Structures are given as structure tokens and as C-alpha cells.
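Peer 1: below is the structure, and that's it, no one-letter string:
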DNA sequence: AGCATTCCCTGTAAGC
DNA sequence: TGCTTACAGGGAATGC
């Protein structure tokens, strides 16, 4: 599942594939992927040129000429790949951007959870959910003070709080389990009960893990691939996610898996402290 | 208002 | 073997 390191890897791999290309036409094989007006999406993108790709948290921002931006969220299994336009459509290809050079960018998504919207460049925060997002890991705004003050108001458990994109934006289920294990914090800990020094430690772990995972081109579990079809390299570094029933690498206690608000959650019942 | 639950989706694996 | 059920989960919508 693409989280911030994976989305950044997609962004970097996609730029050389599509930057400078001009869209000839757009096909919606599964129209509901487009959350904005679907006929406008198809109509307004014709003759537009890709000028760059930005990203905020897990959102890709494909910048186009004439002040247009496609905001794209991959959700669980969304992928982009560039093909010759004559390549037969894959069963799970849902959107095609055909370019003037006989290539096409295809959006493929087995579970059809991903969404894209066409907006005016600059209206990201008002026209999409980006406006409700919190700060990104490793950004100047993600300070100890910010993190401590945000957690201080939260009665819900820390696992759920870290998945809440309005506080820190970019973490998903995998990295949340990893950073909580690193900071030795039990996922069911009450957010506001976590001592300030542990919150500081958690912030450092978040920053370091996101940075390191990005350097390794993300984590491939299940099906994540970048725009060139390459796997990530961080799955080998995971200490807890996907390792329930195995020994904790720190204390050798068997790792447990529970459900926290519907999310599979793996943790060490011995060395991860629960704050109540 | 804040927190929890439901829903969207389909492939894979387990159970009978 | 073939069917049903459980599970994977990000974020919007809904419920309390």
C-alpha cells in the first residue's frame, strides 16, 4: 500500500516518463476513479502538456499547462505505467492518458480505491482534501512542540492518531506499526498520556523511517510497484509489520497481531509500553 | 466536536 | 472440487 515513501518513489519515477508530453485524449474505462466532473476531466485535458509532478503527503499533483492539476491518490493499490498506446488493456487498467507520441499513461488499480480530480492549479487546499491535512514528516512545521501539543488533545489511541492524516500526513499502517515499535510505545496507548520525551522520540523515529524508506524506494508488500514496475527495498527492513508470530528483534518475545479500529496491528507485548 | 464504525472494491487464502 | 467466508486497508461518509 503506497504511503509517503512509495508515493514519492512513484513521483520520481513518473517524471522522466511523462514530463513534456502532450495529452491527445483521455479514456475512462472505470469512470468512478475520477471524483471530479468526469466529462470535464476527459474534455479539459486534451492538448494539455505535462510540466511536472509535485506531491503532498500521499497525494500526487500532476502539473499541466493552462493552470491545471490532476490530484491523484493511489489509496491501496493504485499504479501508473507507461505503455505503447496499442498495448492491450489490462483487466485493472481504469484510466488512460494517451499522448501525442503514441505512448499512453495508464492508471491500474485492482481494488478501484484510488481517486483523481482535475482542479485549477493553486486550488489544492480548497478543492481537495489536501486542505485538511496536517504537516508532513521531515517538514519544518513538524516540530516537537507541534507534535506534543497535538497529541495532548487526543484521547484516542496512538495507532489511530498516527493514521489520522490531519495531524501528521503521510504515514500509513505499515510505517505506524514500525515507528511505534521503534519508540517502544504500545499501539493502544492513549495519545495524550504519552510523556513528552517519548513523543519527541516518536517524532525522530517517524522522520528517520520515512527518510530511510524513501531512500530505499519504499516498501513492497502485496503489490506496490513504482511507475517502472520496480519493487521497493524497505520490506527487508520491517521489524514488526508482517512479522506477527515471530520473535521481537529486540527482546525475543513473540510479536502479537490485534485489530485496532479495523486495522491489523502488529506489536511486541513486552517491550512496547502502554500509557493510559 | 470527536471518536468509532461502515462502506467502497477484488484477489487471495482458509474453511467446510 | 467448489462454494462461502474472512481478510487486506485509506479515506469519505455516516453514526453516536
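Peer 2: In hand now; what should we look at? These numbers come from a predicted model, not from an experiment.
Peer 1: identify the residues contacting the helix ranked longest in chain A?
Peer 2: Secondary structure of chain A per DSSP state H: the longest helix is helix A:196-215. If you take Cβ atoms under 8 Å, 6 or more residues apart in numbering as the criterion, helix A:196-215 is touched by A:4-5, A:8-9, A:137-138, A:142, A:144, A:147-148, A:151, A:162, A:168, A:170-171, A:175, A:178-180, A:182-185, A:194, A:219, A:232, A:234, A:237, A:275. For every residue, glycine as well, the C-beta is placed using N, CA and C.
Peer 1: what is the mean pLDDT for it?
Peer 2: Throughout helix A:196-215, pLDDT has a mean value of 96.
Peer 1: packing partners for whatever helix or strand residue A:151 lives in?
Peer 2: Assigned by DSSP states H and E, residue A:151 belongs to helix A:144-152. Applying 3 or more Cβ pairs under 8 Å, 6 or more residues apart in numbering; DSSP states H and E, we find helix A:144-152 packed against helix A:196-215.
Peer 1: paired strands for the helix or strand just after the helix it packs on, with orientation please.
Peer 2: Where DSSP H and E defines the elements, the next helix or strand beyond helix A:196-215 is strand A:256-260. Using DSSP bridges, strand A:256-260 pairs in its sheet with strand A:263-267 (antiparallel).
Peer 1: and the pLDDT at the closest residue in space to residue A:29 that isn't next to it in sequence?
Peer 2: Once flanking residues are discounted, residue A:29 sits nearest to residue A:94: 5.2 Å by Cβ to Cβ, 6 or more residues apart in numbering. For residue A:94, the pLDDT comes out at 95.
Peer 1: I'd guessed residue A:94 sits against residue A:112; true?
Peer 2: Yes: here residue A:94 reaches residue A:112: they are 6.7 Å apart, a contact under Cβ atoms under 8 Å.
Peer 1: need the overlap of contacts for these two.
Peer 2: A:30, A:33.
Peer 1: out of those two, which sits in the more crowded spot?
Peer 2: Set residue A:94 next to residue A:112 and count neighbours by other Cβ atoms under 10 Å: residue A:94 wins out with 24 against 15.
Peer 1: distance of that one relative to residue A:199?
Peer 2: For residue A:94, the distance to residue A:199 equals 41 Å [Cβ to Cβ, to the nearest Å].
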